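Undergrad: curious how this folds, go ahead:
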Amino acid sequence: IVVIFCGTEEIRKQTMCGIYAGLPNKENIHQLILVLQSKMNSYARKELEKYPFKVETFHICDLLVNITKHALNPKLEILTAEEKNKLLTKYKLEDKQLPLMLETDGIARYYGLEKGKVVKVTYCGGVVGSLRTYRCVV
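TA: The predicted structure follows:
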């Protein structure tokens, strides 16, 4: 994983081309995280789609608070492929029948979850005591 902090100027297509050209050992990179301080135009976003690895962008304001450490946030556990298959066969379900979590959700972005991943969500305390539910990332 490579993390790059971009400057305060608007991010343009030329900037993205320059970032890609400056990356060493491109074949060893699996994920690129760009931390932005300004806006990225649509041409630059389209350029990101050409990269041969996953690219995520975060605005610097999104990183000021660690959302996973919030007091009201439930406990999350990412299921492996085997655990996911067990869950789906146990309840005779398909992915699309589980409650959904968008890929753009803050938690999904924090953990880098991709479509098709299943997350076990455990709520503790309050009125429910302990409640377990599952979410499928779409």
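
Undergrad: all helices of the chain, in order?
TA: Along the chain, counting by DSSP state H, helices occupy 13-21, 42-48, 81-90, 106-111.

Undergrad: in CSV: those, plus mean pLDDT and distance to Leu131.
TA: For every residue, glycine as well, the C-beta is placed using N, CA and C. Converted to CSV, the helices of the chain look like this (pLDDT from 0 to 100; distance: least, CB to CB, whole Å):
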stretch, mean pLDDT, distance to Leu131
helix 13-21, 93, 43
helix 42-48, 94, 38
helix 81-90, 96, 16
helix 106-111, 91, 17
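
Undergrad: got the contact list for the residue nearest the centre of the chain?
TA: The chain has Arg109 as the residue nearest its centroid, 2.3 Å off, counting by CA atoms, centre = their mean. By CB atoms under 8 Å, 6 or more residues apart in numbering, the residues touching Arg109 are Glu56, Phe58, Glu103.

Undergrad: what residue ranges in the protein score low on pLDDT?
TA: By pLDDT under 70, the weakly predicted segments of the chain are 128.

Undergrad: which parts of stretch 45-61 are buried?
TA: Of the residues in stretch 45-61, Glu47, Leu48, Val55, Thr57 count as buried by neighbour count, 16 or more other CB atoms under 10 Å.

Undergrad: quick check: the farthest pair among the residues you listed?
TA: Maximum pairwise distance among those (CB to CB): 11.8 Å, between Glu47 and Thr57.

Undergrad: quick one: buried residues of stretch 120-137?
TA: Neighbour counts over stretch 120-137 (16+ other CB under 10 Å) mark Lys120, Val121, Tyr123, Tyr134, Arg135, Cys136, Val137 as buried.

Undergrad: circling back to that earlier point, possible to save the buried residues of stretch 45-61 as TSV with distance to Pro99?
TA: Listed next are the buried residues of stretch 45-61 as TSV, based on distance: CB to CB, whole Å:
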residue	distance to Pro99
Glu47	34
Leu48	29
Val55	28
Thr57	27
